[in-house]
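[1] got a structure for you, letters missing:
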């Protein structure tokens, strides 16, 4: 890079990149690349930064430089496919699909590219998946949903029905985006009852579409285009990849999906989700903020924006938005749940309990999830309102008698207060049997034995808990108290010393006093 303007722009871009100033970095890289358009090193940095920041023009320009230099990243071939589809350059899209096949990394996507091109350019051919290939299982994962979407794009409802049934029956998750896309197209084709059936689930992401269909309005949903089909494919792949550790790839795929269908609020929510998962909270907030209030994806965008604000350290702003979301007409249980969680994190336990109760009221009688009663009880217990907390926790245990987390919370909370210890011990035995390797449950069980006056029986579960969570101050203190009670004084001091390494505040003072001078009643763990 010999050009002084290019060098200066590159240096500014690198500094901005290091400081997390994405927009400034993108502008700097764009200026540098314009001044030195054949520089592959500069093009690679420009490509990566443009993908993160969502600058499609710079990403494509950089990708073409890299392609000319013979160093195009494999995922950038997908960007060139998106560009070809957006220009309706079907021949180039087909050629790039062949390139995917040859380069192997994303070969499993090639049949979908070719098939979607055939929807527009004919003759139609469904995705041809070689189930015996290395990526056959992965490629086949999305086939039925795309066959269904393509059939609906052609107006062939009869061909779509079996594909829809297979696509949804083989999945354990709800797939709200797919369900909404299918339902709206079915409704537009006059199949209102089938559309309603696809959305007939208690899933927050489906609520706006349910309301749209319920009001009887005429639904107009244009047939899905090849670029929109590609966007949905890339978005689904991004979500699947994001469940693992491939954060950069997931982010790039989500960004490509938003490039393929830039008008889609669903794709915008998808890129916001991946940005937030990658710790890029400000860009995530910016993307989510672009979704208009009347969009079917507005509630999902709000939830993402609130979560990104909280995760990024802007708790007061997150709380303000979460409160506002629950004041609007049609506020959902999910919105009250998010508000309750934020309030609990902020130590506003009474208000958190009120939010959880508001969420409960939005469920039909007899359908309130046990988890909402558990959260309500936790907030009340932490807020010092034990009598109310016990009722909520008991209700949670009645609804979920096999849930270890519920049994553990209700049991341990009573042991802490030295109430109903025999009954609490029975709850904790059951929790331990259901989840024997959970250190917190083993600790609860051991401590319950100790409080019940059976220090000898407390040792084994407490030792097991300490082995599973050696840096937990509470567990090690409990173990130390039990060891002291059975006369194993040296081991008790060792356990207290371990607890003292991780304890803070008054607990640290209490534990360190025991480690130095031994156990005294006033130093007993609470």
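    Good, I have the coordinates. No experiment lies behind these values; they were computed from the predicted model shown. Residues are numbered from 1 along each chain as shown.
[2] any regions of the stretch 51-200 of the chain where pLDDT drops low?
    For the stretch 51-200 of the chain, the stretches flagged by pLDDT under 70 are 134-135, 171.
[3] apologies, that question was intended for the chain.
    The chain contains residues with pLDDT under 70 at 1-24, 134-135, 171, 244-245.
[4] break it into its domains for me.
    Following automatic domain parsing, one finds the domains of the chain at 1-72, 419-526.
[5] same list (these) but as TSV, adding mean neighbour count and distance to residue 109.
    All C-beta atoms are positioned from the backbone trio N, CA, C, and that covers glycine. Shown next, in TSV, are the domains of the chain (neighbours: other C-beta atoms under 10 Å; distance: least, C-beta to C-beta, whole Å):
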stretch	mean neighbour count	distance to residue 109
domain 1-72	19	16
domain 419-526	19	40
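[6] can I get these in TSV including distance to residue 340?
    Converted to TSV, these look like this (distance: least, C-beta to C-beta, whole Å):
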stretch	distance to residue 340
domain 1-72	31
domain 419-526	22
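[7] out of those domains, nearest to residue 208?
    domain 1-72 (24.5 Å; C-beta to C-beta).
[8] where exactly do the strands run in the stretch 351-500 of the chain?
    In the stretch 351-500 of the chain, no strands are defined using DSSP state E, counting those that start in this stretch.
[9] burial of residue 221, as a residue count?
    Other residues within reach of residue 221, judged by other C-beta atoms under 10 Å, total 17.
[10] check the gap between it and residue 117 for me.
    21 Å (C-beta to C-beta, to the nearest Å).
[11] next one: residue 447
    In terms of C-beta to C-beta, residue 447 sits 65 Å off from residue 117.
[12] with residue 163 instead?
    19 Å.
[13] looking at those two, which has the bigger crowd around it?
    residue 117 (25 against 21).
[14] what helix or strand is the more buried one on?
    Element membership of residue 117, judged by DSSP states H and E, is helix 110-121.
[15] ok, now residue 164?
    Going by DSSP H and E, residue 164 is in helix 157-169.
[16] can you count the residues close to the closest residue to residue 312 other than its chain neighbours?
    Spatial nearest neighbour of residue 312, excluding adjacent residues (C-beta to C-beta, 6 or more residues apart in numbering): residue 281 at 3.3 Å. With neighbours defined by other C-beta under 10 Å, the count for residue 281 comes to 19.
[17] distance of residue 42 from residue 75?
    19 Å.
[18] so which elements touch the longest helix seen in the chain?
    For the chain, the helix with the greatest residue count under DSSP state H is helix 226-242. Helix 226-242 is packed against helix 74-86, helix 110-121, helix 143-153, helix 176-188, helix 247-260, helix 265-277, with contacts defined by 3 or more C-beta pairs under 8 Å, 6 or more residues apart in numbering; DSSP states H and E.
[19] quick check: angle from it to helix 110-121?
    Calculated by axes from the mean of the first three to the mean of the last three C-alpha atoms, to 10 degrees, helix 226-242 forms an angle of 160 degrees with helix 110-121.
[20] now helix 226-242: how far from the chain's centre is it?
    Distance, stretch centre to chain centre, for helix 226-242: 16 Å (C-alpha atoms, centre = their mean, to the nearest Å).
[21] which other residues reach the helix or strand containing residue 509?
    Using DSSP H and E, residue 509 sits in helix 505-517. Residues outside helix 505-517 that contact it (C-beta atoms under 8 Å, 6 or more residues apart in numbering): 473-474, 477, 480-481, 484, 492-493, 496-497, 499-500, 503, 520, 523, 525.
[22] and what of stretch 437-455?
    404, 408, 411-412, 415, 418, 421-422, 424-425, 428-429, 431-432, 435-436, 457-462, 464-469, 472, 474-475, 478-479, 481-482, 485-486, 525.
[23] now do the same contact list for residue 350.
    Contacts of residue 350 by C-beta under 8 Å, 6+ apart are 379-380, 383, 385.
[24] good, wrapping up.
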